[in-house]
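In: With the input below, show me the fold.
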Amino acid sequence: MAIKKVWIEEGCTSCGVCESICPDVFEMPDEAEVIAGADFEANEECIIDAAESCPVEVIKYE
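Out: Down below sits the predicted model:
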């Protein structure tokens, strides 16, 4: 599976889990954000881990 798109839906609680799991894709200025230009293919495993670990399940990918 090649991840082509990653986004965060409304409802982020700014817990920082995604950034700690996958810092090359997610950052936390206020709420979680996907880093522009992040290499999804190289970080596929940690993107999936971050999405599965998100306590409010707002990290989506396809």
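In: next structured bit after the helix ranked longest in the chain?
Out: Counting by DSSP state H, the longest helix found in the chain is helix 44-53. Note on helix 44-53: by DSSP states H and E, the next helix or strand toward the C-terminus is strand 59-61.
In: Output the contacting helices and strands for that following strand.
Out: strand 6-8, helix 44-53 (3 or more C-beta pairs under 8 Å, 6 or more residues apart in numbering; DSSP states H and E). C-betas here are computed from N, CA, C, even on glycine.
In: out of these, nearest to Tyr61?
Out: strand 6-8 (4.6 Å; C-beta to C-beta).
In: can you give me how far the closest one is from the chain middle?
Out: 6 Å (C-alpha atoms, centre = their mean, to the nearest Å).
In: Please identify the residue most distant from the middle of the protein.
Out: In the chain, the residue that sits farthest from the middle, by C-alpha atoms, centre = their mean, is Met1; the gap is 16.5 Å.
In: okay, and for the protein, where does confidence drop off?
Out: When residues are selected by pLDDT under 70, none of them lie in the chain.
In: hmm, 90 instead?
Out: 1 (pLDDT under 90).
In: which other residues reach stretch 52-62?
Out: 3-13, 15, 17-18, 21, 26, 32, 40, 47-48, 50-51 (C-beta atoms under 8 Å, 6 or more residues apart in numbering).
In: List the buried residues for it?
Out: Across stretch 52-62, burial judged by 16 or more other C-beta atoms under 10 Å covers Ser53, Cys54, Val58, Ile59, Tyr61.
In: just the CA coordinates of it, formatted as CSV?
Out: Provided in CSV are the C-alpha atoms of stretch 52-62 (Å, rounded to 0.1, in the frame of the first residue of the first chain):
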residue,chain,number,x,y,z
GLU,A,52,-3.9,3.8,15.1
SER,A,53,-2.6,5.4,18.3
CYS,A,54,-4.5,8.7,18.0
PRO,A,55,-6.9,8.8,21.0
VAL,A,56,-9.6,10.7,19.1
GLU,A,57,-9.1,8.9,15.7
VAL,A,58,-8.7,12.0,13.6
ILE,A,59,-5.7,11.0,11.6
LYS,A,60,-6.7,9.8,8.2
TYR,A,61,-4.7,8.5,5.2
GLU,A,62,-5.3,6.9,1.8
